[in-house]
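# what follows is a predicted structure for the sequence shown.
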Amino acid sequence: MKENKPDFYNNLDKVYIRIWELLKIGLLDRDAPFHIPVFICDHDSYADGRMVVLRGINKKDKNLWFHSDIRSNKIKTLKTNPVASLLFYDKKEKVQLRIIGKTKINYQNNITKKSWNKTVHMSRQCYLGGRAPGSKALSHTSGLTEEIENYEYSIEESEIGYKNFCVIETFINSIEWLYLAAKGHRRALFEFKGSSTKKKWLVP
């Protein structure tokens, strides 16, 4: 059976275009695989990963971002080592992305205020807990009061959660792309420095 190859199969420029198309789809479609990547940061002798929700991308500035609680353990890790990676995989597209970059923690600035104002009532629940995510508990708990668990709070009352809210940006240093194909995989690396972009093929 002959496999139809996509137009980007042997074309680095088209690969690059497709990468940003998939990231945009991931941003806009909550059901798209790229909507929830794995974010990995390194603290001394271990690497720590977790799923995050893609909240923004900027092709021109080569950065992307997601929301977090300022009290979470990854904030401490990123303050020690700001370099982190994001892992994306789309089974249908047969595409994996490994993005490496330097992070910036935005807290109580214009970026966080703009993002917070766009954060809907339901999503603000995540920032209304009285204790830090990952802190020890005596028994099973959501970390929220019963009222907050049941969304019994107004949008005005949720404003208190802003003090726990932050936006983590990743300014991309490189994107490694992998396409899985029965007739032969393809792998490429895109490196960014200033306004320049270096593109090269890699052995899969």
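On my side now, so go ahead. Numbers count the residues shown, from 1 in each chain.
# for this protein, what spans make up the helices?
12-28, 73-80, 110-118, 121-124, 146-149 (DSSP state H).
# for the chain, give me the ranges with low pLDDT.
Applying pLDDT under 70 to the chain flags the ranges 1-3.
# how about the most centrally placed residue in it, phi and psi?
Among the residues of the chain, the one closest to the centroid is Leu54, at 4.5 Å (Cα atoms, centre = their mean). Main-chain torsions, Leu54, degrees, to the nearest 10: phi -70, psi 120.
# that older thread, so which of the helices of the chain gets nearest Ile160?
helix 121-124 (9.4 Å; Cβ to Cβ). Where you see a C-beta, it was placed from the backbone N, CA and C, and this is true even at glycine.
# send me the closest one as CSV with only the CA atoms.
In CSV, the C-alpha atoms belonging to helix 121-124 read as follows (Å, rounded to 0.1, in the frame of the first residue of the first chain):
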residue,chain,number,x,y,z
HIS,A,121,-15.2,32.2,36.3
MET,A,122,-14.6,28.4,36.2
SER,A,123,-10.9,28.6,35.6
ARG,A,124,-10.3,31.1,38.4
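# ok, now which ones touch the residue nearest to the centre of the chain?
Contacts were defined as Cβ atoms under 8 Å, 6 or more residues apart in numbering; by that measure Leu54 touches Leu23, Gly26, Leu27, Phe34, His35, Ile36, Pro37, Leu64, Phe66.
# quick one: the strands in the protein?
Taking DSSP state E as the criterion, the chain carries its strands at 38-43, 46-51, 56-58, 63-69, 83-90, 95-106, 165-179, 186-193, 196-202.
# switch these over to JSON lines; also include distance to Arg124 and mean neighbour count.
Shown next, in JSON lines, are the strands of the chain (distance: least, Cβ to Cβ, whole Å; neighbours: other Cβ atoms under 10 Å):
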{"stretch": "strand 38-43", "distance to Arg124": "21", "mean neighbour count": "18"}
{"stretch": "strand 46-51", "distance to Arg124": "19", "mean neighbour count": "12"}
{"stretch": "strand 56-58", "distance to Arg124": "17", "mean neighbour count": "15"}
{"stretch": "strand 63-69", "distance to Arg124": "10", "mean neighbour count": "21"}
{"stretch": "strand 83-90", "distance to Arg124": "24", "mean neighbour count": "18"}
{"stretch": "strand 95-106", "distance to Arg124": "17", "mean neighbour count": "19"}
{"stretch": "strand 165-179", "distance to Arg124": "8", "mean neighbour count": "20"}
{"stretch": "strand 186-193", "distance to Arg124": "34", "mean neighbour count": "17"}
{"stretch": "strand 196-202", "distance to Arg124": "37", "mean neighbour count": "11"}
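# ok, Val193 to Asp42 distance?
Quick fix: residue 193 reads Lys, not Val. 22 Å (Cβ to Cβ, to the nearest Å).
# can you check Asn81 too?
5 Å.
# overlap in contacts, these two.
Counting by Cβ under 8 Å, 6+ apart, nothing touches both Asn81 and Asp42.
# hey, what's Trp177 bridged with?
Trp177 forms beta bridges with Leu97, Ala188, as assigned by DSSP bridges.
# this completes my enquiry, with thanks.
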